[in-house]
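Kindly generate the corresponding structure for this input.
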Amino acid sequence: MSERRAWLDRGVGESRAVVTLDGRPERLIIERHGEPAVQALGARLVARVRSVERAQGLAFVDLGDGPDAVLNLTGEIGRIDSGACVEIEIRAQARTGKGAQARWLGPAEGPARLLFPGPPLEARLAAWAPDARIETGAAARAMADAAQEETLETVFGLAGGGSVSIETTRALTAVDVDIGQRSGSTARQVTRTVNLAGLAAAARILRLKGLGGLVVIDLAGRGHDAPALLAAARAAFAPDNPGVAFGPVSRFGVVELTIPRRARPSVDILCGGGWGPTHTTIAMNLIRALEREAVADGGGRFEGLAAPPVAAAAAAALAALVDRLGARLSICPEPGRKGFEIVRR
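Numbering: from 1, shown residues only. Next up, the predicted model:
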């Protein structure tokens with residue numbers, strides 16, 4: 001029987017929550033301090049309509065901080081015009097190149113304001129792992145580090161051989177299941193085993209990365225048992241319901257499905273839509289490394305060496321860390337440096 005556990009790492013500059021499935025990271029939530037509360041998943045607020053695109057059935061809503069949200073115009077809403085005051089809920093967070101999706105709650109009056117900040121990390125962990133005790137401390141930090149590292153990977157090995165690779169485009173997420181060097185009694189049995197394992201792994205990894213929308217899975221081999229594979233896929237993606245929809249297994253051995261978009265993808269937070277960690281992601285890693293050294297050596301003076309954009313991104317968190325651990329910690333910007341280094345002074 002599958003076991004889910006919950007972990008919460010409250011750090012300086014950001015907090016990270018992790019759910020593990022049988023010991024492997026399944027979900028990663030990253031909350032960076034100072035992010036607009038009006039953009040949080042589940043936030044309820046009074047906002048103002050910036051513009052209305054009636055031909056598209058959309059309204060763009062000014063949340064007061066960060067990108068506009070998109071509101072689908074329905075018969076329930078009726079006619080609204082630019083400048084109207086509305087009460088909404090954030091049902092899907094903004095991601096790179098796309099604003100948040102808002103849900104209509106009703107007309108409103110008065111200034112734009114936050115009514116409810118959205119559920120805290122503890123509540124979101126409890127929803128995904130309701131029977132798990134939330135673990136904190138050093139073990140939670142190690143688990144969050146492992147989850148973050150795996151989120152940034154592209155190719156994932158399967159127990160016993162084979163692999164799953166996951167890559168995203170603007171249109172969809174592509175998943176490739178590969179047999180690799182796996183061996184077995186017959187080629188048909190090997191293919192079936194790898195595909196079943198690949199579907200389960202793909203579902204977990206997509207949840208870890210926080211990816212939704214259209215997903216295309218290229219299964220290994222040919223001559224598939226479509227009903228069995230679809231049943232396995234439905235079971236693997238059941239935790240993403242409600243809203244998951246499947247197409248049939250095509251004659252080319254491809255499964256198509258859609259997964260609802262809700263929280264901002266963790267891989268988007270870490271990489272900002274690019275192919276590697278953002279300056280802010282590297283800065284948070286630097287802050288944790290400085291903290292680790294300072295806690296291990298209570299009298300030592302430590303300096304982080306990092307590229308100027310990373311040093312700038314770490315400034316606010318460094319100030320908070322210095323308030324807590326003293327002025328023996330600093331960061332020195334070094335043009336041209338890749339990554340960062342911690343040195344003792």
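
what ranges do the helices span in the stretch 1-150 of the chain?
121-128, 138-151 (DSSP state H, counting those that start in this stretch).

Compare those and give me the one nearest residue 332.
Nearest to residue 332, of all those, is helix 138-151, at 24.0 Å by Cβ to Cβ. Heads up, the C-betas are built off the backbone N, CA and C, glycines and all.

packing partners for that closest one?
Here helix 138-151 touches strand 4-10, strand 14-21, strand 24-32, helix 187-209, helix 266-271, going by 3 or more Cβ pairs under 8 Å, 6 or more residues apart in numbering; DSSP states H and E.

Of all the ones you listed, which one is nearest residue 67?
helix 266-271 (13.3 Å).

Tell me the confidence at residue 330?
Listed pLDDT for residue 330 reads 96.

Who does the helix or strand hosting it pair with, and is each partner parallel or antiparallel?
In this structure, residue 330 is located in strand 329-333 according to DSSP states H and E. In the sheet containing strand 329-333, its partner strands are strand 302-306 (parallel), by DSSP bridges.

returning to that earlier point: tell me the helix or strand right after the strand holding residue 330.
strand 340-344.

mind listing what's buried in that following strand?
Within strand 340-344, the residues that count as buried by 16 or more other Cβ atoms under 10 Å are 340, 342.

so residue 15 touches residue 9, yeah?
Yes: the pair residue 15 / residue 9 is scored as a contact, 6.6 Å apart, by Cβ atoms under 8 Å.

More neighbours: these two, which one.
residue 9 (24 against 17; other Cβ atoms under 10 Å).

Tell me how far that one lies from residue 302.
21 Å (Cβ to Cβ, to the nearest Å).

now do residue 181
45 Å.

These two: which is more packed in?
residue 302 (21 against 8).

quick one: low-confidence ranges for this protein?
Scanning the chain for pLDDT under 70 picks out 1.

Swap in 50 and give it another go.
For the chain, no stretch has pLDDT under 50.

Next up, the contacts around the residue sitting nearest the centre point of it.
The chain has residue 266 as the residue nearest its centroid, 2.1 Å off, counting by Cα atoms, centre = their mean. Residues in contact with residue 266, defined by Cβ atoms under 8 Å, 6 or more residues apart in numbering, are 28, 29, 30, 148, 151, 208, 209, 210.

Same check on residue 281?
269, 270, 271.

Which of those residues sits closest to residue 107?
For those, the nearest to residue 107 is residue 269 (33.3 Å; Cβ to Cβ).

Including distance to residue 280, could the helices and strands packed on helix 138-151 go into a markdown table?
As requested, those are exported to a markdown table (distance: least, Cβ to Cβ, whole Å):
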| stretch | distance to residue 280 |
| --- | --- |
| strand 4-10 | 17 |
| strand 14-21 | 9 |
| strand 24-32 | 7 |
| helix 187-209 | 18 |
| helix 266-271 | 9 |
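
quick one: which of the ones you listed is nearest residue 141?
strand 4-10 (4.6 Å).

Next, the buried residues of that closest one.
4, 5, 6, 7, 8, 9.

Return the distance of that strand from the chain's centre.
Computed by Cα atoms, centre = their mean, to the nearest Å, the separation of strand 4-10 from the middle of its chain amounts to 15 Å.

Can you show me the CA trace of that strand as PDB?
Extracted C-alpha coordinates of strand 4-10, given in PDB (Å, rounded to 0.1, in the frame of the first residue of the first chain):
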ATOM      1  CA  ARG A   4       2.500   9.500   1.700                       C
ATOM      2  CA  ARG A   5       4.500  11.600   4.200                       C
ATOM      3  CA  ALA A   6       4.600  15.400   4.600                       C
ATOM      4  CA  TRP A   7       7.600  17.700   5.100                       C
ATOM      5  CA  LEU A   8       7.800  21.400   5.800                       C
ATOM      6  CA  ASP A   9      11.100  23.400   5.600                       C
ATOM      7  CA  ARG A  10      10.600  27.000   6.800                       C
END
